[in-house]
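# what's the 3D shape of this:
(chains A and B)
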Amino acid sequence: MTVSPTPSAAPGSPTRAAVRMEGLRKTYGEVVAVEGLDLEIGAGEFFSLLGPSGSGKTTTLRMIAGFELPTAGRILLDGEDVSQRPPYERDVNTVFQDYALFPHLSVGENVGYGLMIRKVPRDERARRVADALRMVRLTGLDDRRPGQLSGGQRQRVALARALVNRPRVLLLDEPLGALDLKLRQEMQVELKTIQQEVGITFIYVTHDQDEALSMSDRIAIFNQGRVEQVGSPADVYERPATAFVAGFVGISNILEGAVAAFVTDGAGTVTVRPEKIHLLDPGDPVPAGSVALTGRVHDVVYLGSDTKYLVELDAGGTLAVIKQNVATSSMEALALKGKPVLLAWDRTHTLPVAADGAGGGPSPT
Amino acid sequence: MTTTAGTAPHASPSRRLQAWLYRRPRLQLVLLLALPLLALVVAYLGSLGLLLINAFWRYDPTTGGLDRTFSLANFLQIAGSAVYRTITLRTVGLAFLVTITCAAIGFPVAYYMARIASPRVRGLLVVTILLPLWASYLVKVFAWRAILQEQGVLNWLLRPLGLEGPGYGDVAVWLVFTYLWLPYMILPIQAGLERIPSSLLEASADLGGRTGMTFRRVILPLAFPAVVAGSIFTFSLTLGDYITPTLVSSTQFLGNVVQREVGVSGNLPLAAAVATIPIIVMLLYLFVARRLGAFEAL
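Numbering: from 1, shown residues only, chains lettered A, B, ... in the order given. Next up is the predicted model:
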């Protein structure tokens, strides 16, 4: 397994670990959901668990919350072992994917639920609920029922209900999954702002790589119950540790075997990001310090601001190339289909990655 | 056959009729509901209306005929009689008692089925609960007679312990009604509990709620409309029944009075007037149930 050494603390965060997982394992009968997980999440960090569905990220989050008990291993919150404690004895709160707002309570009662249970005096409760609703910009909606709110508003209520308790760690389980794209992007910015404002550790589960890259201080990439890589967004994008990471974060541009050997002057599996590749005419001179490969454009996908070209290499394999449509019209882009081209990229952009056995499995060390 | 899109199809009469109907959604609705509406309005509401009209007529004991002039005499007779008042209170009290007992027994069973049992066990339990409904009502009440009688199964079991069964009487009526109507309470509650998403219970625990708190603040309020829905059955079925009291007790309930006035005295108008009491009680009950959200839970 390739995990970056001791996690570097997030920018500006103290060195204390808010959450520590040691040898965490969860099985359901024969099925292994999480295997040998070691993670340390710093206080105040925005930490994302990124991976495809079924990769163990949600199970991990549920174990931190206490909804699932680990089969083996330990979870420490602020240095305290909470592995076997019920959810109500852990100083963490969760924002659920389906929001899980109580339909029989008003917005105000929903947000005040945790404070009510902790017997916070009525007037302090009212003040904190009002503060929390102001923070998520829902002032004045206290008396509404969740059923009368839009999806985005419900999402904010769920967030306020968790944050009002000032937990040590906030767990978010794909909280934006049910929102449309515009609202999602708005909420991403807002979530990040709120996190910086309150300074609470956020552990954020998502399968959306853009979301993870744009919001996180660090990301752990899950695959088949294991963590493939932990690092900053730039780390996992520019220096993917495994072929899986390279493929999951960004577009899979993996070269193997003979082509890879030609590109790197050695054996192994390599990847190159599609936006780093120049698309040239076959006769064009190759820039100095570049790798060049010939191929034929197999497909062109017009994406509005960009165009994606799928190029079949003469030496075998396929590479995706993404070009901004700075001066190209869609007609010009589409006309390239079937044409021979020359691909070139700076040698330093060839990234060696550890090959993975059929998309994961026991990860190489 | 040619079904080229865009050109008018060569319409057979049935096709033309279909197309003609398609453009008239109101007529479709009438055709759909004509038969059930006829049954409901004529057979059901009609007979109920006749019953109510009857209540305002008079039985003439000298001729044995009906005096068809409007009069409140039947109602005044009922209101003025302590016997009818006692019987009404007894009947309504029993209906409440049976309802509460069914809820107290039914809720834990329904909770186990909805939230704890594996799908296999749940299926078995549903069958077990539905099974008695396939047996004739009379067979079940007679079975209870055999259980409760002096030389019955219950006493045979209890005697070695120095105890005695309740025998026939009010307790027997309460037991038998509870047995008979329990399925009608369990099934709506189970459905209601199944509709509560697990994430709500997790959210409550996540926010610090222990099991008891979560039950009181989340499960109970959300399942309550389903309990009220179930209670509509247990309450109304108890209110109208006259066979069970006849078979396992000698006490009079409203149903017995109606039966006696019709069957023994032949005083149909008085019977009709007595029958309006459970109707009014039930209307009040349904009104309250609606306020408690029971109809959404059905």
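# What residues of stretch A:296-309 count as buried?
For stretch A:296-309, the neighbour count (16 or more other CB atoms under 10 Å in any protein chain shown) marks A:297, A:300, A:306-309 as buried. C-betas here are computed from N, CA, C, even on glycine.
# Distance from it to the middle of the chain?
Distance, stretch centre to chain centre, for stretch A:296-309: 26 Å (CA atoms, centre = their mean, to the nearest Å).
# So for that stretch, mean pLDDT?
Averaging pLDDT along stretch A:296-309 gives 91.
# Quote the end-to-end distance of that stretch.
End-to-end distance for stretch A:296-309, by CA to CA, to the nearest Å: 10 Å.
# which residues of the stretch 151-300 of chain A score low on pLDDT?
Within the stretch 151-300 of chain A, the stretches with pLDDT under 70 are A:265-267.
# Now do the SS call for the residue most central in space within chain B.
Nearest to the mean C-alpha position of chain B, counting by CA atoms, centre = their mean, stands B:F233 at 2.4 Å. Here B:F233 is recorded as helix under DSSP: H, G, I helix; E, B strand; the rest coil.
# what sits against it?
B:181, B:184-185, B:188 (CB atoms under 8 Å, 6 or more residues apart in numbering or on different chains).
# same thing with B:C102?
Residues in contact with B:C102 (CB under 8 Å, 6+ apart) are B:178, B:181-182, B:184-185, B:230-231, B:234.
# repeat for A:R62
A:R62 neighbours (CB under 8 Å, 6+ apart): A:68, A:173.
# Now do the buried residues in the helix or strand containing it.
Using DSSP states H and E, A:R62 falls within helix A:57-65. Using 16+ other CB under 10 Å as the test for burial, helix A:57-65 gives A:57-65.
# Kindly report the domain assignment for chain A.
A:17-244, A:247-352 (automatic domain parsing).
# Quick check: which of those is buried the most?
Of all these, domain A:17-244 has the most neighbours on average by mean count of other CB atoms under 10 Å in any protein chain shown, namely a mean of 20.
# Can you mark which positions in the strand or helix carrying B:A110 are buried?
Here B:A110 sits within helix B:82-111, counting by DSSP H and E. By 16+ other CB under 10 Å, the buried positions in helix B:82-111 come out as B:84, B:87-88, B:90-92, B:94-99, B:101-103, B:106-107, B:109-111.
# tell me the mean pLDDT for it?
The pLDDT scores in helix B:82-111 average 95.
# who touches the helix or strand following that helix?
Next in sequence after helix B:82-111, counting helices and strands by DSSP H and E, comes helix B:119-134. Under the contact criterion CB under 8 Å, 6+ apart, helix B:119-134 has outside partners B:109, B:112-114, B:117, B:140, B:179, B:182-183, B:186-187, B:190.
# ok now helix B:119-134, how far from the chain's centre?
The answer for helix B:119-134 is 20 Å, by CA atoms, centre = their mean.
# chain center to the helix or strand following it, what's the gap?
Next in sequence after helix B:119-134, counting helices and strands by DSSP H and E, comes helix B:137-148. Computed by CA atoms, centre = their mean, the chain-centroid distance of helix B:137-148 equals 20 Å.
# Stretch A:234-244 too?
Mean-position distance between stretch A:234-244 and its chain equals 13 Å (CA atoms, centre = their mean).
# Looks like A:G73 contacts A:R25 (just checking).
Yes - counting by CB atoms under 8 Å, A:R25 is a contact partner of A:G73 at 5.3 Å.
# which residues do those two both contact?
Common contacts of A:G73 and A:R25 (CB under 8 Å, 6+ apart): A:L37.
# For ChimeraX, what selects the buried ones among the contacts of helix B:119-134?
Listed next is the ChimeraX selection for buried residues among the contacts of helix B:119-134, using 16+ other CB under 10 Å:
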select /B:109,113,114,117,179,182,183,186,187,190
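# Secondary structure element holding residue 205?
No chain in the question, so chain A it is. strand A:201-206.
# Oops, wrong one, chain B.
B:A205 belongs to helix B:198-206 when assigned by DSSP H and E.
# and that helix, C-alpha only, in CSV?
The C-alpha coordinates for helix B:198-206 follow below in CSV (Å, rounded to 0.1, in the frame of the first residue of the first chain):
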residue,chain,number,x,y,z
SER,B,198,-33.3,4.2,9.8
SER,B,199,-31.3,7.4,9.2
LEU,B,200,-33.7,9.3,11.5
LEU,B,201,-32.9,6.9,14.4
GLU,B,202,-29.2,7.2,13.6
ALA,B,203,-29.5,11.0,13.5
SER,B,204,-31.1,11.0,16.9
ALA,B,205,-28.4,8.8,18.4
ASP,B,206,-25.8,10.9,16.6
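# Tell me the helices and strands packed up against it.
Using 3 or more CB pairs under 8 Å, 6 or more residues apart in numbering or on different chains; DSSP states H and E, the elements in contact with helix B:198-206 are strand A:92-95, helix B:211-214.
# what is the mean pLDDT for stretch B:145-155?
The average pLDDT within stretch B:145-155 is 89.
# What of stretch A:117-135?
Per-residue pLDDT values across stretch A:117-135 average out to 94.
# picking that back up, could you list the buried residues of the helix holding B:A205?
B:199-206.
# Out of these, the closest to A:H278 would be?
Checking these against A:H278 with CB to CB, the nearest one is B:S199 at 49.4 Å.
# For the closest one, give me its contacts.
Neighbouring residues of B:S199 by CB under 8 Å, 6+ apart: A:96-98, A:100.
# so which of these comes closest to chain B?
Here the nearest of the contacts of B:S199 to chain B, counting by CB to the nearest CB, is A:A100; it sits at 3.8 Å.
# what angle separates the helix holding A:R62 from helix B:198-206?
Here the directions of helix A:57-65 and helix B:198-206 differ by 30 degrees (axes from the mean of the first three to the mean of the last three CA atoms, to 10 degrees).
# Restricting to C-alpha, output helix A:57-65 in PDB.
In PDB, the C-alpha atoms belonging to helix A:57-65 read as follows (Å, rounded to 0.1, in the frame of the first residue of the first chain):
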ATOM      1  CA  LYS A  57     -15.500   5.200   2.500                       C
ATOM      2  CA  THR A  58     -19.000   5.400   3.900                       C
ATOM      3  CA  THR A  59     -18.400   2.400   6.100                       C
ATOM      4  CA  THR A  60     -15.300   4.200   7.500                       C
ATOM      5  CA  LEU A  61     -17.400   7.300   8.200                       C
ATOM      6  CA  ARG A  62     -20.100   5.200   9.900                       C
ATOM      7  CA  MET A  63     -17.500   3.600  12.100                       C
ATOM      8  CA  ILE A  64     -16.200   7.000  13.200                       C
ATOM      9  CA  ALA A  65     -19.800   8.100  13.900                       C
END
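# Nice, that's everything, thank you.
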